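Trainee: sharing a sequence plus its predicted fold:
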Protein chains: 2
Amino acid sequence: MPAIALADSLRVALVRMGRRMRRERADENLSLHHLSALGTLQQLEEPTLARVAAAECVKPPSMVKTLQHLESLGYVERSDHPSDGRMVLFRISDKGEQMIGETRERRNRALASAIEQLSPEDRATLERAVPIIERLAEQ
Amino acid sequence: MPAIALADSLRVALVRMGRRMRRERADENLSLHHLSALGTLQQLEEPTLARVAAAECVKPPSMVKTLQHLESLGYVERSDHPSDGRMVLFRISDKGEQMIGETRERRNRALASAIEQLSPEDRATLERAVPIIERLAEQ
DNA sequence: GGCATCTCATTAGCCTACCTCACGACCCCT
DNA sequence: AGGGGTCGTGAGGTAGGCTAATGAGATGCC
């Protein structure tokens, strides 16, 4: 399969899947991308706004809004950077940690049950594909 | 890897990839999802509004807007359904066909060149994963 | 054959989540 | 000390979804 055709079909699949996932948030208090930002906050070494935004493939002003919202809900706290006064470090609060633990499973349940119905080969393929897609997204 | 964890990482990867792709439309006249709708129009047997919307994983009112826009640009034409007066059939115009041919390659070029840098194994994995993701999206 | 009900496309109005541009605060370098 | 880059943030705009409501046409049931 030529790279262009693969890119095309990948694009179509991802757009549709994205819409499918977005529709699933009906009964949740936190949207998909808020949860994703919290996850990133957990992973990053020194989570400044710019770094979180970059990890989420989003521009800084967008991430400001997201983090402000999470902060207003008490899921995120901020502290000054020890040496650089321009930067702000964001970290997940205890309340945020707790909420993530409770929410993530419920959040992914529909997708997980669809995944459980895949054949073992398909599931293994999917598992190998995820980091590849992550890598493509970073560029 | 448990299904929940796979669902979680897949979700994160797809969200980021979606954002990355969306940002790539700078110099294009047609957005990602317009192009996708045109592609669906080409594939469907009897492309009524509801069917196109379903294929694109979108609600009918959203697809109305999309098709109206494409119609205003001359890429889509509509005709009455032969037997059911409630329905409308949408089809891609000659101008639309031509535009698709020109645009799709340019559109996918950045993604394709990222794909070309993958190892052959990764590329093969990706190729196998696409239809699996499509299937997940349909549910 | 006529009324109730259902389906389809459409409109109106809203919301989320991005973007760019502009700005003030701060860092660093000379 | 002061000039240029970087960081977070505010303002304002846009894209692309959604639900609810509406009107036209189909269908089903006496």
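Mentor: Cool, got the structure. Everything numeric in this text was worked out from a predicted model, so none of it was measured. Residues are numbered from 1 along each chain as shown, chains lettered A, B, ... in the order given.

Trainee: can we go C-alpha only for contacts and neighbour counts from here?
Mentor: OK.

Trainee: tell me the contacts of the residue nearest the centre of chain A?
Mentor: Centroid check for chain A by Cα atoms, centre = their mean gives A:S36 as the closest residue, at 2.6 Å. A:S36 makes contact with A:56, B:12, according to Cα atoms under 8 Å, 6 or more residues apart in numbering or on different chains.

Trainee: which element follows whichever strand or helix holds it toward the C-terminus?
Mentor: Per DSSP states H and E, A:S36 falls inside helix A:32-43. Next helix or strand after helix A:32-43 toward the C-terminus (DSSP H and E): helix A:49-55.

Trainee: mind exporting the C-alpha coordinates of that next one to PDB?
Mentor: Provided in PDB are the C-alpha atoms of helix A:49-55 (Å, rounded to 0.1, in the frame of the first residue of the first chain):
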ATOM      1  CA  LEU A  49       2.100  25.200  30.700                       C
ATOM      2  CA  ALA A  50       4.100  25.200  27.500                       C
ATOM      3  CA  ARG A  51       5.300  21.600  28.000                       C
ATOM      4  CA  VAL A  52       1.800  20.300  28.800                       C
ATOM      5  CA  ALA A  53       0.500  22.100  25.700                       C
ATOM      6  CA  ALA A  54       3.200  20.600  23.500                       C
ATOM      7  CA  ALA A  55       2.600  17.100  24.900                       C
END
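
Trainee: quick one, grab the pLDDT at A:Q117.
Mentor: Listed pLDDT for A:Q117 reads 92.

Trainee: for it, what are its contacts?
Mentor: Applying Cα under 8 Å, 6+ apart, no residues contact A:Q117.

Trainee: how far away is it from DNA strand C?
Mentor: A:Q117 is 28 Å from DNA strand C, where distance means Cα to the nearest atom of the strand, to the nearest Å.

Trainee: so where's the longest helix in chain A?
Mentor: Determined from DSSP state H, the single longest helix within chain A is helix A:94-116.

Trainee: hmm, the following helix or strand past that one in reach of DNA strand C?
Mentor: Sequence-wise, the next helix or strand downstream of helix A:94-116 (DSSP H and E) is helix A:120-138. No: applying Cα under 7 Å from any atom of the strand, one finds helix A:120-138 separated from DNA strand C by no less than 12.5 Å.

Trainee: anything in helix A:120-138 near chain B?
Mentor: Yes: using Cα under 8 Å from any Cα of the partner chain, we find that helix A:120-138 touches chain B at A:122, A:125-134, A:136-138.

Trainee: ok, back up a step: the longest helix of chain A near chain B at all?
Mentor: Yes: counting by Cα under 8 Å from any Cα, chain B is contacted by helix A:94-116 at A:104-105, A:108-109, A:111-116.

Trainee: what's the answer for stretch A:2-15, then?
Mentor: Yes: counting by Cα under 8 Å from any Cα, chain B is contacted by stretch A:2-15 at A:3-4, A:6-15.

Trainee: in that stretch, what's buried?
Mentor: A:3-4, A:6-15 (16 or more other Cα atoms under 10 Å in any protein chain shown).

Trainee: what do you get for stretch A:113-121?
Mentor: Neighbour counts using 16+ other Cα under 10 Å place A:I115 of stretch A:113-121 among the buried residues.
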